[in-house]
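Chemist: What shape does this take:
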Amino acid sequence: MPAASQPARPRVTPRHPPSVFETMTRLAARHGAVNLGQGFPDTDGPHWVRALAAEAVLTGHANQYAPGRGDPGLRRAVAAHQHRHYGLQVDPEREVVVTTGATEGVAAALLALVQPGDEVVAFEPFYDSYAAVTALSGARFVTVPLAAPGFLPDPAALEAAITPRTRVLLLNTPHNPTGAVLPADVLARLVAVCARHGVLIISDEVYEHLVFDGRHQPVASVPGGSDRTLTVSSAGKSFSLTGWKVGWVTGPADLVQAVYSVKQFLTYSSGPAYQPAVARALAEGDGFLTEQRQRYRAARDGLVAGLRTAGLDPVVPAAGYFTVADLAPLGVADALGAAPVLAERAGVVGIPVSALCSPAADPGGTAPLASWMRWAFCKSPAVMAEAVSRLQRLPGVLGVPGS
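Modeler: This is a model prediction of the structure:
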């Protein structure tokens, strides 16, 4: 008797394509190009901090699960850091949760606070995981464009985007990719808009210690901000330890508890050797933070100067790892389409800013900031010097008349 036929295995397609960071990193590797795309340093953080983690692993004191809410010493260090730098009072027992990097912190916060039918508002361009996680939550992702060259949020535009379904404003200050640092008066107006409409704030502040011009002000320090804001940060950017994936979320106890209720079913816990080392870094690492700021300021200035020599007018970022520049003066209307040419013929890779924006409303239309490219400067002096040298090829590579 013939065997009964079985139904075919369901076909599964990825919910999201490979990230632009993975795509551009592969492109750089294929052509031997200098990778100024993905924002990770090519030098490690302080040796003494790394040694603490190594010792913890080798002595067997940190090879099992860390507490789900995070190592108590790290939670105390985060609270002390917030008070020392910003005057914020944070209860380490109830108002801090440690996460597997800031990306998990943002993800857990979104999944905790929003549900299908809600709306999440963010300023555009934005870190790409914001839209992806919002989609996973079932909420609608609403963007408010930032205008070049200042890329500062317009509180009136934010208010116009808010509807009765708006649940969260997802804010990023200092801002990736533009390097904008939000002034106190702008922050105050954004918080006031959220207060008027009962909107919660998730504030991604991972570049807090990489401010070159001005000073970082946490959203939670703005009058009216503390009771509606979850602040996300991490050791990765501050201490050049991006692979450790040690982040944290601080805020009102009920909101932090909501984040933990989701986080416990994502990674549960991670980095038991890293967390005590990061606690020491937060308490004793201010000297490294100062030195790193000086080093990256010099790298920023060198990259900006090199892009100007190549015929561009880059934004001078006040903070962060990146500058952005419009390639239109070199005849480029589509930076994403030009990326393979730049990798192969100029030997340098950046991130098209359009990949950090929502798709064009009209399928046949032009994507926001389509001709703009993001370039990282969180690299060694030798790598930056080589990148700047290669960037001088841009006019010739792109066929600019007279080049």
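Chemist: Show me the helices in the stretch 151-300 of the chain, by range?
Modeler: Remark: helices assigned in the stretch 151-300 of the chain by DSSP state H, counting those that start in this stretch are 155-161, 184-197, 235-238, 253-263, 274-284, 286-309.
Chemist: where's residue 73, which helix or strand?
Modeler: helix 72-86 (DSSP states H and E).
Chemist: Which positions in the following helix or strand past that helix come out as buried?
Modeler: Using DSSP H and E, the helix or strand that follows helix 72-86 towards the C-terminus is strand 96-99. Of all the residues in strand 96-99, those buried under the rule 16 or more other C-beta atoms under 10 Å are 96-99. No exception for glycine: its C-beta is placed from N, CA and C like everyone else's.
Chemist: Same check on stretch 83-93?
Modeler: Quick answer for stretch 83-93 (16+ other C-beta under 10 Å): 85-86, 88, 90, 92.
Chemist: Mind putting those into a markdown table with distance to residue 319?
Modeler: Output for the buried residues of stretch 83-93, formatted as a markdown table (distance: C-beta to C-beta, whole Å):
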| residue | distance to residue 319 |
| --- | --- |
| 85 | 15 |
| 86 | 15 |
| 88 | 19 |
| 90 | 22 |
| 92 | 27 |
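Chemist: for the residues you listed, which one is nearest residue 40?
Modeler: Nearest to residue 40 out of the buried residues of stretch 83-93 is residue 85 (C-beta to C-beta; 24.0 Å).
Chemist: So what's the predicted local confidence for the closest one?
Modeler: Per-residue pLDDT puts residue 85 at 97.
Chemist: Does residue 352 touch residue 342 like I think?
Modeler: No: judged on C-beta atoms under 8 Å, residue 352 makes no contact with residue 342 at a distance of 10.2 Å.
Chemist: Now do the contacts for the spatially closest residue to residue 263 that is not a sequence neighbour.
Modeler: Leaving aside its sequence neighbours, residue 263 sits nearest to residue 108 (C-beta to C-beta, 6 or more residues apart in numbering; 4.2 Å). Contacts for residue 108 (C-beta atoms under 8 Å, 6 or more residues apart in numbering) come out as 99, 249, 259-260, 262-263, 266.
Chemist: can you do 6 Å?
Modeler: By C-beta atoms under 6 Å, 6 or more residues apart in numbering, residue 108 lies in contact with 259, 262-263.
Chemist: picking that back up, could you identify which of the helices of the stretch 151-300 of the chain is most buried?
Modeler: Most buried of these, by mean neighbour count (mean count of other C-beta atoms under 10 Å): helix 235-238, with a mean of 25.
Chemist: ok, and what's touching that one?
Modeler: By C-beta under 6 Å, 6+ apart, helix 235-238 touches 206-207, 209, 241-242, 246, 278.
Chemist: again, 8 Å this time
Modeler: 101-102, 206-210, 241-247, 274, 278, 281-282, 289, 321.
Chemist: of the residues you listed, buried ones?
Modeler: Counted by 16+ other C-beta under 10 Å, those give 101-102, 206-210, 241-242, 244-247, 274, 278, 281-282, 289, 321 as buried.
Chemist: Please work out the average pLDDT along stretch 94-108.
Modeler: On average, the pLDDT along stretch 94-108 is 98.
Chemist: Identify, from the contacts of residue 108, the entry nearest to residue 172.
Modeler: residue 259 (17.4 Å).
Chemist: was I right about the closest one contacting residue 247?
Modeler: No: assessed by C-beta under 8 Å, residue 259 is found out of contact with residue 247, at 11.3 Å.
Chemist: any residues in contact with both of the two?
Modeler: 99, 105.
Chemist: Just the strands from this protein, written as ranges.
Modeler: In the chain, the segments counted as strands under DSSP state E are 34-35, 96-99, 119-124, 140-145, 166-172, 200-204, 229-234, 247-250, 322-326, 348-349, 351-352, 372-376.
Chemist: for the ones you listed, which one sits closest to residue 306?
Modeler: That would be strand 372-376 among the strands of the chain, by C-beta to C-beta, at 9.4 Å.
Chemist: Pull the residues that contact the closest one.
Modeler: Outside strand 372-376, the residues within contact range by C-beta under 8 Å, 6+ apart are 36-39, 148, 177, 303, 307, 314, 321-327, 335, 339, 350-354, 356, 387.
Chemist: so that strand versus strand 322-326, what angle?
Modeler: 160 degrees (axes from the mean of the first three to the mean of the last three C-alpha atoms, to 10 degrees).
Chemist: Run me through the strand neighbours of strand 372-376, direction for each.
Modeler: Strand 372-376 has its sheet partners listed here by DSSP bridges as strand 322-326 (antiparallel), strand 351-352 (antiparallel).
Chemist: What's the mean pLDDT across that strand?
Modeler: pLDDT averaged over strand 372-376 gives 98.
Chemist: now the angle from it to helix 286-309?
Modeler: 140 degrees.
Chemist: Is residue 357 in contact with residue 368, as I believe?
Modeler: Yes: using C-beta under 8 Å, residue 357 is in contact with residue 368, at 4.1 Å.
Chemist: what's the overlap in contacts for the two?
Modeler: By C-beta under 8 Å, 6+ apart, residue 357 and residue 368 have these common neighbours: 124-125.
Chemist: Bridge partners for residue 247, pull those for me.
Modeler: Here residue 247 sits in beta bridges with residue 99, residue 234, going by DSSP bridges.
Chemist: Where does pLDDT dip in this protein?
Modeler: 1-4, 360-365, 399-403 (pLDDT under 70).
Chemist: Report the contact partners of residue 202.
Modeler: Counted by C-beta under 8 Å, 6+ apart, residue 202 has contacts 106, 109-110, 113, 168-171, 229-230, 232.
Chemist: so which of the buried residues of stretch 83-93 comes closest to residue 377?
Modeler: residue 85 (24.0 Å).
Chemist: how near is that closest one to residue 235?
Modeler: Distance from residue 85 to residue 235, counting by C-beta to C-beta, to the nearest Å: 14 Å.
Chemist: before we move on, what about residue 54?
Modeler: To residue 235, residue 54 is 16 Å away according to C-beta to C-beta.
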